[in-house]
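Peer 1: Structure here, sequence nowhere to be found:
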């Protein structure tokens, strides 16, 4: 089964890195203007909503929170929103954010796994994770994000 796995070392505390993953204003900066909507309770829904093909409130990603352990682990199921499906099936995969203090920095690991063999969102996810991870690192270390231009 396919797996995307990335590890970044970020010049910030686990609390700062965690904040970039769950704080609505920080998430909006790293996820191309989308905000996260969730109670952050295992078993509850999670949505990333923001500007896109369906207007300002496009549903980009949704799923269910699997684990929420502040400053350590955040896992949830992942399905792409209707505007990405083009009549296709909403395949489910899993996203795991793992944080670990290392010296004076934080090791951030992203694992995107449990892909279905013919999930068409694998390719776009593989390319966009680099931008999102780079934005997290840059935001935590400098207070701003990178300008990638239009991502649509």
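Peer 2: Great, that's in hand. Since we're looking at a predicted model, the values are computed, not measured.
Peer 1: Mind listing what's buried along stretch 56-63?
Peer 2: By neighbour count on 16 or more other CB atoms under 10 Å, the buried set for stretch 56-63 is 58-63. C-beta: built from backbone N, CA, C; applies to glycine.
Peer 1: For residue 145, what is the enclosing helix or strand?
Peer 2: Under DSSP states H and E, no helix or strand contains residue 145.
Peer 1: residues in contact with it?
Peer 2: With contact taken as CB atoms under 8 Å, 6 or more residues apart in numbering, residue 145 is in contact with 29-30, 135, 138-139.
Peer 1: Apply 6 Å and report the result again.
Peer 2: Residue 145 sits next to 29, 135, 138-139 when contact means CB atoms under 6 Å, 6 or more residues apart in numbering.
Peer 1: Check the gap between it and residue 131 for me.
Peer 2: Using CB to CB, to the nearest Å, residue 145 is found at 9 Å from residue 131.
Peer 1: Could you point out the longest helix of the chain?
Peer 2: Assignment by DSSP state H gives helix 122-142 as the longest helix of the chain.
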